[in-house]
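Novice: Structure, please.
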Amino acid sequence: MKRIKDVAKEAGVSVATVSRVLNGSDAVKVETQRKVKEAVRRIGYSPNLLGRNLRQNKTGIILVMLSTLTNNFCSKVIHGIELAAKKQGYNIMICATGDSKESEQTYLSFVRNKMADGIIILNSNLTAQEMQMASASFPVVQCSEYVDTERTPYVSIDNRKAAYDATINLINSGRKKIVFMGVENNLVSSNLRFLGYRDALDEANIPFDENLIVYGNYGYRNAMRVTEKLIQNNVSFDALFAISDRMAAGAMTALKKHDIKIPDDVCVTGFDNTDITYLFEPSISTVSQPQIEMGETAFQLLLARIEEETAENIILQHKIILRDSTKNI
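Specialist: The predicted structure is shown next:
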């Protein structure tokens, strides 16, 4: 196996010079850098990254933890994280937990044991206390979802305001019997989106109707079944706000099956602006989150934590995207 002194001999320079070139130092003449790099290529030298990282007390790796890889929203956020990480010389490792508490603790132990420099958590089952304990031990940043707001920085949108804006748009279109299709879980977004829906009803003096509150699991087929049940139970409604685009699409499929016209009879709005919103027919109005920017911002927050700088919570701006599912009659 070739060693750094072999590169030095091939290039006709000192070992210290080779080391400086390999570590990206600007204190070496351009011509000397060229000679060293050519020597590396000729003899096939591969630097011992593990040894170098141990000396520098860093791995150049960050973890990104989430429950599943099937979420289109998360995939775009991860792409944003990766773009920002590469610019700073970091690589990312994606850790899908399958909602397993044991898996989460395993991945957290990787960072605790210095196998990665930090972790970005998109969603998890950690309590606020557990998140605080992790954040006190190593660099942690929350992205999109969050539980601890005091010690663990996060980047997200104002989910309550976003849901309010989506519901107000439906109300301004003349709709008063608006179904809220949510998910019963512990995620902060689920609760805030429901509160935003309630805020809009209250502002418009529309009475809250428990019969118009239904729950699913973010899935397309599940939303179809939930909507079918509404129709079968003869629940009267003229609009539907779902907290995910897949749920909105599933609801619309059920509506079309029963010849309920969209948007004439029922307007529909989703959440996240994922691909299904413009591929579906009719196209789906939705709340757009800046996924790429969210990922990039999460990495910048984590980098600040790694470098022991102050990192504050950041709220990014959402947008309401109007498409065919809510066009005015």
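Novice: From now on I want contacts and neighbour counts done on CA atoms only, so please keep to that.
Specialist: OK.
Novice: Toward the C-terminus from the lowest-mean-pLDDT helix or strand in the chain, list the very next helix or strand.
Specialist: Sorting the helices and strands of the chain by mean pLDDT, DSSP states H and E puts helix 49-56 at the bottom, at a mean of 52. The C-terminal neighbour of helix 49-56 among helices and strands, as given by DSSP states H and E, is strand 61-66.
Novice: That next one pairs with which strands, and in what direction?
Specialist: Listed by DSSP bridges, the sheet partners of strand 61-66 and their directions read strand 91-96 (parallel), strand 118-121 (parallel).
Novice: For the ones you listed, please prepare CSV with the additional fields distance to residue 182, mean pLDDT and mean neighbour count.
Specialist: Compiled in CSV, the strands paired with strand 61-66 are given as follows (distance: least, Cα to Cα, whole Å; pLDDT from 0 to 100; neighbours: other Cα atoms under 10 Å):
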stretch, distance to residue 182, mean pLDDT, mean neighbour count
strand 91-96, 23, 95, 17
strand 118-121, 22, 98, 27
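Novice: Tell me which of those sits nearest to residue 219.
Specialist: Comparing the strands paired with strand 61-66 against residue 219 with Cα to Cα, the closest turns out to be strand 91-96 (18.3 Å).
Novice: And the strands in the stretch 101-250 of the chain?
Specialist: Using DSSP state E, counting those that start in this stretch, the strands found in the stretch 101-250 of the chain span residues 118-121, 140-143, 154-157, 178-183, 213-216, 239-242.
Novice: Could you list the residues in contact with the fifth one?
Specialist: Among residues not part of strand 213-216, those counted as contacts by Cα atoms under 8 Å, 6 or more residues apart in numbering are 179, 180, 181, 182, 183, 184, 222, 223, 226, 247.
Novice: C-terminal to the helix or strand where residue 16 lies, what's the next element?
Specialist: Following DSSP H and E, the helix or strand that holds residue 16 is helix 15-22. Following the chain from helix 15-22 toward its C-terminal end, the next helix or strand by DSSP H and E is helix 30-43.
Novice: hmm, who's touching that next one?
Specialist: The set of residues that contact helix 30-43 without belonging to it, under Cα under 8 Å, 6+ apart, is 2, 7, 8, 10, 11, 18, 21, 46.
Novice: Thought residue 63 was touching residue 90, still the case?
Specialist: No: in this structure, residue 90 sits apart from residue 63 without contact. The criterion is Cα atoms under 8 Å, and the distance is 10.4 Å.
Novice: These two: which has the busier surroundings?
Specialist: The residue with the greater number of neighbours, taking residue 90 and residue 63 and applying other Cα atoms under 10 Å, is residue 63; the counts read 22 against 17.
Novice: could you measure the more buried one against residue 117, distance?
Specialist: Computed with Cα to Cα, to the nearest Å, the distance linking residue 63 and residue 117 is 8 Å.
Novice: try residue 15
Specialist: Note on residue 15: its distance to residue 117, by Cα to Cα, is 28 Å.
Novice: Which one of those two is surrounded by more residues?
Specialist: For residue 15 and residue 117, the more surrounded residue by other Cα under 10 Å is residue 117, and the numbers stand at 24 against 16.
Novice: Could you tell me what pLDDT the model assigned to the more buried one?
Specialist: The score at residue 117 is 95. That number is its pLDDT.
Novice: quick one, what contacts it?
Specialist: Under the contact definition (Cα under 8 Å, 6+ apart), the residues listed for residue 117 are 58, 59, 60, 61, 62, 111, 138, 139, 306.
Novice: Swap in 6 Å and give it another go.
Specialist: With contacts defined as Cα atoms under 6 Å, 6 or more residues apart in numbering, the neighbours of residue 117 are 61, 62.
Novice: mind checking the backbone torsions on it?
Specialist: In this entry, residue 117 is assigned phi and psi values of phi -90, psi -20 (degrees, to the nearest 10).
Novice: Show the buried residues in the contacts of strand 213-216.
Specialist: Judged by neighbour count, with 16 or more other Cα atoms under 10 Å as the criterion, the buried members of the contacts of strand 213-216 are 179, 180, 181, 182, 183, 222, 223, 226, 247.
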